[in-house]
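Enquirer: Here is a sequence with its predicted model. Questions after.
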Amino acid sequence: MLKLKYALPFIFFTAWAQAQPLPQGSFALVNGQALSDALLDLNIQANIARGQTDSPQLRQVLQSELIGREVLAQESKKLNLDQTPNAQAALSQMQQNFLTGLLLENFARKNPVTEAQIKADYEIFKKEMTNAKEYKLSIITVASQKRAQEMIDELQKKRNKNSFSTLAKAESIDPSKNNGGELDWLLRQQIQPAVGNVVANLSKGSLSAVPIQTQAGWIVVQLDDVRTFSIPTMKDIEPQLRDAAAKKALAAYVQDLRAKAKVTQ
């Protein structure tokens, strides 16, 4: 009888503890630590961004995952695993990255690109690109300077486009080999400087006299065609103009902060 007499209050206390109300704005308590609704919402939005649909089932799964992570995180702290020098450095790095992201997002939100900026940048673009040239190139890239020169000598003798394409498909290590070495139309600034300097002095249909050394290998280049660049309308390139203006403003903001910072090394 004594066992029954003392068991009842214990059962009652356990039930009361499990049923105790959650703090406002929380979806669970884990060893007394509240997990906020904001944390749950953050994970719900992340899943929605990946194509999931908000539903009771999704919320239940996420709640279970977050509770499980909190249990593990608490055990990690209990074992002082977060106190090692490496762990502290990693935590500091994560915090730094997180705060940096918040700052840059805040700047972008408070400093949107204006229509006036886009128009001004477009006018500069038009002025710079007036009479600009586009180049249609074919290239062969190989690892050996000797082999590249042999190809040039061979192509100079044959002087036909099919020969260039055949060599490119057979030996080039550039992805363009699948298209016989042909590249899309390119502006001068889109071409590697070492190659662009040569191309600017080639006549239509001619080859580079010697191989051009690049990080990718030794390049044999042929100028297939040249045309005057057709300037797109502002509407056509507005997304690129807006993105470039936003990046420029952000870079200036970061540079200004760094210039003002007191750094001792």
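Expert: Structure received. Numbering: from 1, shown residues only.

Enquirer: just for the protein, where's the confidence low?
Expert: Along the chain, segments meeting pLDDT under 70 span 1-20, 160-161.

Enquirer: Any figure for the gap between Ser92 and Leu103?
Expert: According to CB to CB, to the nearest Å, Ser92 and Leu103 sit 16 Å apart. No exception for glycine: its C-beta is placed from N, CA and C like everyone else's.

Enquirer: Of those two, give the one with the bigger neighbour count.
Expert: A direct count of neighbours by other CB atoms under 10 Å for Ser92 and Leu103 places Leu103 higher, at 13 against 10.

Enquirer: Now name the helix or strand holding the more buried one.
Expert: Per DSSP states H and E: Leu103 is located in helix 85-110.

Enquirer: ditto for Asp153
Expert: Counting by DSSP H and E, Asp153 is found in helix 145-158.

Enquirer: in that helix, what counts as buried?
Expert: For helix 145-158, a neighbour-count test (16 or more other CB atoms under 10 Å) marks 147-149, 151-152, 155 as buried.

Enquirer: tell me what the following helix or strand past that helix is packed against?
Expert: Downstream of helix 145-158, the first helix or strand assigned by DSSP H and E is helix 161-171. In terms of contact count using 3 or more CB pairs under 8 Å, 6 or more residues apart in numbering; DSSP states H and E, helix 161-171 is assigned the packing partners strand 133-142, helix 145-158.

Enquirer: Nearest to Ser36, out of these?
Expert: Ser36 sits nearest to strand 133-142 of all the helices and strands packed on helix 161-171, at 55.4 Å, using CB to CB.

Enquirer: Just the C-alpha atoms of the closest one, please, in PDB.
Expert: Output of strand 133-142 as PDB, limited to C-alpha atoms (Å, rounded to 0.1, in the frame of the first residue of the first chain):
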ATOM      1  CA  LYS A 133      34.300  44.900 -83.000                       C
ATOM      2  CA  GLU A 134      33.200  41.300 -82.400                       C
ATOM      3  CA  TYR A 135      35.400  38.400 -83.400                       C
ATOM      4  CA  LYS A 136      34.500  34.900 -84.500                       C
ATOM      5  CA  LEU A 137      37.400  32.600 -83.700                       C
ATOM      6  CA  SER A 138      38.300  29.000 -83.900                       C
ATOM      7  CA  ILE A 139      41.000  27.600 -81.600                       C
ATOM      8  CA  ILE A 140      43.000  24.500 -81.000                       C
ATOM      9  CA  THR A 141      44.600  24.000 -77.600                       C
ATOM     10  CA  VAL A 142      47.300  21.500 -77.000                       C
END
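
Enquirer: Check the offset of that strand from the chain's centre.
Expert: Taking CA atoms, centre = their mean, to the nearest Å, one finds the center of strand 133-142 at 27 Å from the center of the full chain.

Enquirer: One more: stretch 197-217?
Expert: So, by CA atoms, centre = their mean, the centroid of stretch 197-217 is 32 Å from its chain's centroid.

Enquirer: can you start the count at 46 instead of 1 from here on
Expert: Shifting the count to begin at 46 puts that one at stretch 242-262.

Enquirer: now the end-to-end length of that stretch.
Expert: 17 Å (CA to CA, to the nearest Å).

Enquirer: all strands for the stretch 196-310 of the chain, in order.
Expert: Per DSSP state E, counting those that start in this stretch, the stretch 196-310 of the chain carries strands over the ranges 231-232, 257-259, 262-273.

Enquirer: in its sheet, what does the shortest one sit against?
Expert: According to DSSP bridges, strand 231-232 forms sheet pairs with strand 178-187 (antiparallel).
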